[in-house]
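Enquirer: give me a model of this one.
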Amino acid sequence: MRSGVSAVPCGPESGAWVLAAAILGSSMAFIDSTVVNVALPAIQANFHTTVVSVQWVVESYGLFLGALILVGGSLGDLFGRRLVFLAGVAIFAAASAGCGTASTIDRLILARSIQGVGAALLVPGSLAMISASFNETTRGRAIGTWSGFTAITTAIGPVLGGWMLAHTSWRWAFFINLPLAAVVMVISLWRIPESRSQVAERVDWWGGFLATIGLGGLVNGFIESVDLGWKNPLVIVSLLVGLGALIGFMLVEAAVTSPMLPLALFASRSFAGANLVTLFLYAAIGIFFFLFPLDLIQVQGYSTTATGAAIFPMILLLFFLSRWSGGLIARYGARGPLVIGPVVAALGFVLFAVPSVGDTYWREFFPAVMVLGFGMAITVAPLTTVVMNSISPDRVGTASGINNAVARVSGVLAIAVLGIVMFKAFASRLDSSLVRFSLPPALLEQLQGNEIKLAGMQVPAGLDPSAKAAVEAAIGEAFVFGFRIVMLTCAGLSLASAAVGWFMIEIDIDFEKDRASQALSPERSTTGAPGAGGQKTRR
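Expert: Numbering: from 1, shown residues only. Here you go, the predicted structure:
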């Protein structure tokens, strides 16, 4: 079966269609992430739920995506990248319909989990199809084009989704995926050739199972600790099971013949470094996109449409600059963009720590949006190119899965861990403010019991208008206080990724690819070929 289709670059007539399907397919997953974040306040209000349940709406999707994306990449290498990509699109579309019709928060979380499974198939498949269809000379530009157009569709999503939320319902945050899925399936079946690896073997199901249990245990323990406390048996058991499963996962990956996480890939210094850059930087991005819409809607008083438009300039920068940044490696090498970009992003996070309640968008938020967007634009396409060019072409599906898994897992863990930081800072600041108001003990206890809702908490009835306004102001200020602490932490994570880029990313990544190829397949030919940077492989 594997010999039926070879993994060689496609002809020029197919390249545009491959890009179109990959862009639209990836956009479904990326649009869903950003639109859902904008919809979180409405979802919280609709189901009258706590921030823990709101976290699970995001985390259930990211958990299954992060844990199974490695399996998705391996399935594409084995059975065909187009086939697995199409399966992911179909599952994602069906789960989106389930999300849009969910009648309870539990059903929404379940449907989001199934969405994550679909995304785990389509996300690595989209990038793997590009990498298998373009040679090393054109791959950087193709990836840059994919990054740019994915960014613009992702940017349009929150604006359109915010408008629909304002005029219809949060459920349309999920229904907008259905027409995109239909277009992707038509293009894929009509115009895209199949490709698969010539060396891929069996799927590592045990690895996927242990990764899911491990990440699920850790995330459940961290999130539930906010409500139950660290000494609760459920929290302790969840953390222990998660940690044990992840240890078991590493042991399995070192022992099986066809691991979904081939540890030999990390013999490439650039591949290992690029994934560390991804871990730190996307952890910062993950918690940012979770908290920023809550800040704008619940604290600053923005509409859902305005919130979606607030991050539009950032995505526009990614769109207009990604093709340019995709060619930076060919001109300057791999290290520079992966140091400069995260440093600029760190400055953007620092700027987000400046605004207080009631500050104007154009004076306070817009500069931060532009700086963070510029930093990410410098980083994203070169980072992806380094990952794909550091690995043998036969393993691009696996490499794509690993890097996407790192990005998703970092976001999942950041929301779980830094969510605790946010809650503790919010509760501490609010408690110190409420003491000054001399509230009746019953009202004070009721307010403190609702702190788990963050800025979505309602002020109890029975307060006079001036006291109510003072308490509402204290809630907003407490949220901003916690948000500032988290943004400064994000700046530190960005600087950590820049340090990794400086010390671990080689300027000439072709040397690293050659070494990784030899580590995986010693019998393969080592004849030098022009790389993405236009240089011969060094000996």
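Enquirer: can you show me the helices along the stretch 301-450 of the chain?
Expert: For the stretch 301-450 of the chain, the helices defined by DSSP state H, counting those that start in this stretch cover 304-310, 312-326, 328-332, 335-352, 366-389, 396-434, 441-449.
Enquirer: where does the prediction get shaky in this protein?
Expert: 1-14, 135-137, 147-148, 151-155, 196-201, 394, 396-398, 401, 507-539 (pLDDT under 70).
Enquirer: again, only using 50
Expert: Residue ranges of the chain with pLDDT under 50: 1-8, 511-539.
Enquirer: need the residue closest to the centroid of it.
Expert: R408 (4.4 Å; C-alpha atoms, centre = their mean).
Enquirer: now that residue. Nearest residue, chain neighbours left out?
Expert: Of all residues not flanking R408 in the chain, G66 sits nearest, at 3.6 Å (C-beta to C-beta, 6 or more residues apart in numbering). (Glycine included, C-beta is placed from N, CA and C.)
Enquirer: tally of neighbours for I156?
Expert: By the measure other C-beta atoms under 10 Å, the count of residues near I156 is 17.
Enquirer: helices or strands up against whichever strand or helix holds it?
Expert: In the assignment (DSSP states H and E), I156 maps to helix 136-167. On a contact count with 3 or more C-beta pairs under 8 Å, 6 or more residues apart in numbering; DSSP states H and E, helix 136-167 meets helix 12-47, helix 105-133, helix 172-175, helix 304-310, helix 312-326, helix 366-389.
Enquirer: A427: which of the ones you listed is closest?
Expert: Among the helices and strands packed on helix 136-167, the nearest to A427 by C-beta to C-beta is helix 12-47 (17.4 Å).
Enquirer: and the helix holding I156 with helix 312-326, angle?
Expert: 170 degrees (axes from the mean of the first three to the mean of the last three C-alpha atoms, to 10 degrees).
Enquirer: what's the distance between the residue nearest to T305 when sequence neighbours are not counted and I329?
Expert: Setting aside the residues directly before and after it, T305 is nearest to G162 in space (C-beta to C-beta, 6+ apart), at 4.2 Å. Here the criterion is C-beta to C-beta, to the nearest Å. By it, G162 lies 35 Å from I329.
Enquirer: just G116 next, same as before
Expert: 31 Å.
Enquirer: residue contacts, F249?
Expert: Applying C-beta atoms under 8 Å, 6 or more residues apart in numbering, we find F249 in contact with G207, L210, A211, G214, L261.
Enquirer: that one sits in which helix or strand?
Expert: helix 233-255.
Enquirer: in that helix, what counts as buried?
Expert: Buried residues in helix 233-255, counted by 16 or more other C-beta atoms under 10 Å: V235, S238, L239, V241, G242, A245, L246, G248, F249, M250, V252, E253.
Enquirer: Serialize those to CSV and add fields for distance to F349.
Expert: Output for the buried residues of helix 233-255, formatted as CSV (distance: C-beta to C-beta, whole Å):
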residue, distance to F349
V235, 29
S238, 30
L239, 28
V241, 33
G242, 28
A245, 32
L246, 28
G248, 35
F249, 31
M250, 31
V252, 37
E253, 33
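Enquirer: identify, from these, the entry nearest to A496.
Expert: Out of the buried residues of helix 233-255, the member with the shortest distance to A496 (by C-beta to C-beta) is L246, at 21.2 Å.
Enquirer: out of everything not next to it in sequence, what's closest to the closest one?
Expert: G214 (3.6 Å).
Enquirer: now the contacts of F249 in TSV, with secondary structure and distance to F320?
Expert: Output for the contacts of F249, formatted as TSV (DSSP: H, G, I helix; E, B strand; the rest coil; distance: C-beta to C-beta, whole Å):
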residue	secondary structure	distance to F320
G207	helix	39
L210	helix	42
A211	helix	36
G214	helix	39
L261	coil	35
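Enquirer: I am finished for the moment; much appreciated.
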